[in-house]
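Asks: Turn this into a structure:
(one chain, ligands or ions: 1)
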Amino acid sequence: MAIGIFDSGLGGLTVLDALTARLPGQDFVYLGDTAHAPYGMRPAAEIYDLTVAGVQRLFDEGCGLVILACNTASAVALHDLQVNWLDPAAHRVLGVFVPVIEHLTRRDWGDNSPPTHTGLRDVALFATPATVGSGAFPRELRFRARDVRVEAQACTGLVEAIESGDLGRAREVAAAHVATLRTRLPVPQSAVLGCTHYPLVEAAFRAALPPETTLVSQPELIAASLGDYLKRHKGFAGGSGAVRYLTTGDPARVGAHAGIFMGRALAFESAAAA
Ligand code: DGL
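Replies: Okay, here's the model as predicted:
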């Protein structure tokens, strides 16, 4: 059975790359909602409606499990979607926050004991305005880790630059946001690229951060977490390593922009056509 990967646009490709490397025999269907990207500037109700529509589109492709490879959708829509819309007996939807929080705090998600000293002192979060505005990331961290400081930087303009295929501009915007955050937190202990688009310009973030800062790679953590999940839920796994790429935007344009950032051509299909 194919696993669905949903993002507002190109960002989820960073997650998909890590997933195909770790699970080479697994089928995937990728859906980028390019027609409505960026999500990060939209109100919560719109993000919820667009996320539900995208997830339903992947269920219609036969996916039993969908990964919300989008921090904005995971932060803003996932909880409501699971409580008010999803039938867990028929389908499952997983977000991308849990593996990062578990990694940083070295605690299982299900561990509801009081916050402990985890060794985590200060964290820089780079994310979309909607993700930062949701407060979900610092809330989940502080629920588990005592005395942790989170400095969040809403990286306006970065997803727009990436979706328009402008690599040079994207690098400049990323470096400018790191410089702004460093006026508040000069040497973060850890930095999280909390938007799946941002690893597409990871080198620009790395270059602008001090060498002491550990950059957390969300795609690798998600891939490890999904590999573990599939061992426990074998019914969602299977296939022969086939990957399809769907977009709600113009397939030729999206494929060309994906090629700029991924370094290889990707054949996108129209999500409307199937
Ligand atoms: N890539 C998504 C995320 O991880 C959303 C970016 C956007 O559409 O603003 O947050």
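Asks: which parts of the stretch 101-250 of the chain sit against the ligand?
Replies: Contact residues of the stretch 101-250 of the chain with respect to the ligand, defined by C-beta under 6 Å from any ligand atom, are listed as 128, 131, 159, 195-197. (Each C-beta comes from the backbone N, C-alpha and C, glycine too.)
Asks: Show me how to select, in ChimeraX, the buried members of those.
Replies: Selection of the buried residues among these in ChimeraX, burial being defined by 16 or more other C-beta atoms under 10 Å:
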select :128,131,159,195,196,197
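Asks: Output the residues of the stretch 101-250 of the chain next to the ligand as JSON lines; include the columns secondary structure.
Replies: Written out in JSON lines, the entries for these read as follows (DSSP: H, G, I helix; E, B strand; the rest coil):
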{"residue": "Thr128", "secondary structure": "coil"}
{"residue": "Thr131", "secondary structure": "helix"}
{"residue": "Val159", "secondary structure": "helix"}
{"residue": "Cys195", "secondary structure": "coil"}
{"residue": "Thr196", "secondary structure": "coil"}
{"residue": "His197", "secondary structure": "coil"}
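Asks: which one of the residues of the stretch 101-250 of the chain next to the ligand is nearest Tyr48?
Replies: When these are ranked by distance to Tyr48 (C-beta to C-beta), Thr131 comes first, at 14.0 Å.
Asks: wait, that closest one sits on Phe137?
Replies: Yes - taking contact to mean C-beta atoms under 8 Å, the distance of 7.0 Å between Thr131 and Phe137 places them in contact.
Asks: Return every residue with contacts to both of the two.
Replies: Shared contacts of Thr131 and Phe137 (C-beta atoms under 8 Å, 6 or more residues apart in numbering): 75, 194.
Asks: Run through the residues that contact the residue nearest to Pro251 when sequence neighbours are not counted.
Replies: Among residues not flanking Pro251 along the chain, Phe268 sits closest, at 4.0 Å (C-beta to C-beta, 6 or more residues apart in numbering). If a contact means C-beta under 8 Å, 6+ apart, then Phe268 has 32, 245-247, 251-252, 254-255, 258 as its contacts.
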